[in-house]
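>>> when you get a sec, could you give me coordinates for this:
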Amino acid sequence: MTPFGIRVRSLREAHGVTLKRMAEDLQISSAYLSALEHGHRGQPSWSLVEQICSYFNIIWDEAEELHRLASVSHPKVTIDTSGLSPNATEYANILAKEIRNLSEPRLQEMLEYLKQMTPERR
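This is a model prediction of the structure:
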């Protein structure tokens, strides 16, 4: 699952809305909505995130957070290290190979470190 998918599912459940009903109301397929929730589809479009915000009557900070979650929820990431140091390239390659072997506590620790570096970009 992705951060966006987890949030959408929790919104649906909190509002007592089935996946099928929400998909029909948003005029998208239930298969696509399910794939978004489970992290099997790429980052949702800005307009779909806006539709979801409207659907659940989400405004201000909560809407901004949902957009942020969408922006960091692409399950297949490409990192361009051209022009960066050899260390950056090595880091990106090792991370790509080893991310599946990292424990959740270690991933959380690394994520928090990165968030602290550039909080205005998250």
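>>> report the distance from stretch 19-32 to the chain centre.
19 Å (CA atoms, centre = their mean, to the nearest Å).
>>> buried residues in that stretch?
Using 16 or more other CB atoms under 10 Å as the burial criterion, the residues of stretch 19-32 that qualify are 19, 22-23, 26. In short, each C-beta sits where N, CA and C put it, glycine included.
>>> and it, end to end?
10 Å (CA to CA, to the nearest Å).
>>> helix/strand/coil for residue 76?
The local conformation at residue 76, judged by DSSP: H, G, I helix; E, B strand; the rest coil, is coil.
>>> looking at it, it is touching residue 42, isn't it?
Yes. At 7.0 Å, residue 76 and residue 42 qualify as touching, with contact defined as CB atoms under 8 Å.
>>> pLDDT score for the residue nearest to the spatial centre of the chain?
For the chain, the residue sitting closest to the mean C-alpha position, by CA atoms, centre = their mean, is residue 73 at 2.1 Å. pLDDT, residue 73: 92.
>>> the one 3 residues further on too?
pLDDT recorded at residue 76 is 87.
>>> ok, residue 75 - how many residues close by?
14 (other CB atoms under 10 Å).
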